[in-house]
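Participant: Structure, please.
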Amino acid sequence: MMDPLKPFWQCWLARRIPPASRVELNHRQIFIMPTRIGATFASVLVLMLLVAINYQNSLAYGLTFLLMSVAILTILHTFRNLSGLVLSAGSVRSVFVGEPLLLRLRLESAKRPHQAIALGWDVKHLQELDVPSAGLTEVNIDLPALARGWLRAPRLRVESVFPLSIFRAWSWLDLQQSVLIYPRPIVGAMPLLQGTQPHAEDQGAATPGPGVDDYQGLKPYQSGDSRRRLHWKAYSRGQGLLIKDFTDVSGHDLCLDFMALGGGIEERLSRLCYWVLELSQRRQPFALRLPGYLRASSSGNEHREACLQALALFGEQQ
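Facilitator: Sure thing, here's the model as predicted:
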C-alpha cells in the first residue's frame with residue numbers, strides 16, 4: 001500500500017473494524033479477492049470461453065462452465081473458512097529492549113473447523129495453523145522490541161486461501177495488545193547518590209545479599225536464599241528448613257541516582273536497569289532517584305517492577 005494512502009486506510013479500518021480484545025469474524029470484517037493463481041485461472045477460463053465460441057464446441061462450453069461453477073463455489077468456501085473464527089488476545093510478558101517479544105493469541109471455533117489459517121503482522125511473515133471444530137488453538141507471534149516504553153501491537157493480518165488457493169479471504173484486526181518494554185541492561189559501576197558509599201571492601205559493588213555482619217537468629221527458608229546458611233540441626237529435629245539470618249550494621253542505604261551517571265539518557269537508564277536487576281537478585285534494599293521521581297528504599301519483586309516501570313516510562317510522564 002502506498003504511504004500517502006496509509007492514513008486514510010487506517011482511518012477507514014478503524015471505523016470498519018474497531019479495536020477489540022476479542023473479535024468474531026463475520027462479513028463486515030472479511031475481505032476477499034482473487035490470488036495470482038486465481039487471476040491466471042480466470043484468464044484461462046476466458047480463453048476457453050473464446051475457443052468454445054469460435055468453434056461452437058459443446059464439450060468446450062461444458063468444461064468452461066463447470067470450472068466457472070467450481071470458482072464460484074470456491075468463493076463461498078474460502079469465506080466460510082474464516083467466518084465464525086474467534087480471535088482474542090492472550091497474556092503477554094514485559095521484556096527488555098532487544099529481546100524477542102512473544103504475543104499470545106487464542107483462536108476458537110464454535111462450530112466447524114478452520115483450516116490453513118495464516119497469521120502475522122505483514123503479508124511476508126505469516127504463521128499457518130488449523131483450528132479444530134469446537135476447539136481452541138493458541139499461538140505465539142513474535143514482535144521486535146526496539147525501544148523502551150509502551151509498545152502497542154499493530155493490526156494483525158488473518159487470511160486463508162483454503163481450499164484451492166484461487167481466492168484469498170483476509171482481515172486486519174486490532175486486538176488491543178500493549179506491553180511495557182524495559183531498557184536494555186548495561187553493566188557498569190554502581191551510580192550512587194552523592195554522599196552514599198558502599199562498603200569499603202565492596203570496591204564499588206553492593207553488599208552481596210542480606211546483611212552479613214550481625215547474627216539475628218533463624219527464619220524460614222525461601223526460594224533463592226543461600227543454601228550455605230541452612231540450619232541443618234533444626235532440619236534434623238523436624239523444625240523444617242530454616243536459615244541463619246544476619247543484618248547489615250554498616251548504617252547506610254543504597255540509592256541509585258540518575259544524575260550520578262554520565263552519557264546519554266538511554267545509556268543512563270540502561271545502567272540503572274542493570275543495577276536494579278542485580279540488587280534485586282541479591283535481595284539488597286535500594287532506592288531509585290530520577291529527575292522528578294524518587295522510589296524509597298525497599299526490596300522484593302514489587303519494588304523491582306516499580307523501578308523497572310519508572311525507567312521504562314522515564315520522559316513520557318514529564
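Participant: quick one: secondary structure of residue 188?
Facilitator: Here residue 188 is coil, with the state taken from DSSP: H, G, I helix; E, B strand; the rest coil.
Participant: pretty sure it contacts residue 269?
Facilitator: No: if you go by Cβ atoms under 8 Å, residue 188 and residue 269 don't touch, sitting 11.7 Å apart. In this view, the C-beta of every residue, glycine as well, is placed from N, C-alpha and C.
Participant: quick one: which of those two has more around it?
Facilitator: Neighbour totals were compared for residue 188 and residue 269, and residue 269 leads with 25 against 16 (other Cβ atoms under 10 Å).
Participant: Not counting its neighbours along the chain, what's nearest that one?
Facilitator: Distance criterion Cβ to Cβ, 6 or more residues apart in numbering; nearest residue to residue 269, sequence neighbours excluded, is residue 183 at 4.3 Å.
Participant: distance of that neighbour from residue 315?
Facilitator: 11 Å (Cβ to Cβ, to the nearest Å).
Participant: Ok, residue 7 next?
Facilitator: For residue 7, the distance to residue 315 equals 26 Å [Cβ to Cβ].
Participant: Comparing the two, which residue is more hemmed in?
Facilitator: The residue with more neighbours, out of residue 7 and residue 315, is residue 315; 13 against 9, by other Cβ under 10 Å.
Participant: The residue lying closest to the more buried one once chain neighbours are set aside - how many residues pack around it?
Facilitator: Among residues not flanking residue 315 along the chain, residue 265 sits closest, at 7.0 Å (Cβ to Cβ, 6+ apart). Counted with other Cβ under 10 Å, the neighbours of residue 265 add up to 13.
Participant: Check residue 179 too.
Facilitator: Applying other Cβ under 10 Å, I find that residue 179 has 17 neighbouring residues.
Participant: For it, what are phi and psi?
Facilitator: Torsion angles at residue 179 (phi, psi; degrees, to the nearest 10) stand at phi -150, psi 140.
Participant: That one against residue 89, yeah?
Facilitator: No: Residue 179 is beyond contact range of residue 89, at 10.6 Å (criterion: Cβ under 8 Å).
Participant: Which pLDDT does the model give residue 174?
Facilitator: Confidence at residue 174, expressed as pLDDT, is 92.
Participant: and the gap between the closest residue to it other than its chain neighbours and residue 240?
Facilitator: Using Cβ to Cβ, 6+ apart and skipping the chain neighbours, the partner closest in space to residue 174 is residue 19 (3.9 Å). Distance from residue 19 to residue 240, counting by Cβ to Cβ: 51 Å.
Participant: Show me which of the two is the more surrounded one.
Facilitator: Per other Cβ under 10 Å, whichever of residue 19 and residue 240 has more neighbours is residue 19, with 14 against 10.
Participant: Was I right to think that one contacts residue 172?
Facilitator: No: assessed by Cβ under 8 Å, residue 19 is found out of contact with residue 172, at 11.1 Å.
Participant: for this structure, what helix or strand is lowest in average pLDDT?
Facilitator: strand 214-220 (a mean of 58; mean pLDDT, DSSP states H and E).
Participant: what's the spacing between residue 102 and residue 56?
Facilitator: Residue 102 is 62 Å from residue 56, by Cβ to Cβ.
Participant: same for the helix or strand harbouring residue 294, what does it pack against?
Facilitator: Assigned by DSSP states H and E, residue 294 belongs to strand 293-298. Contact here means 3 or more Cβ pairs under 8 Å, 6 or more residues apart in numbering; DSSP states H and E; on that basis strand 293-298 packs against strand 286-290, helix 301-312.
Participant: Can you give me the buried ones in it?
Facilitator: In terms of neighbour count (16 or more other Cβ atoms under 10 Å), strand 293-298 has its buried residues at residue 295.
Participant: and that strand, how far from the chain's centre?
Facilitator: Its chain's average C-alpha position is 28 Å from that of strand 293-298, according to Cα atoms, centre = their mean, to the nearest Å.
Participant: Please identify the pairing partners of that strand and their relative orientation?
Facilitator: Strand 293-298 pairs in its sheet with strand 286-290 (antiparallel), by DSSP bridges.
Participant: so what sits against both of residue 179 and residue 89?
Facilitator: Applying Cβ atoms under 8 Å, 6 or more residues apart in numbering, one finds that residue 179 and residue 89 are jointly contacted by residue 103.
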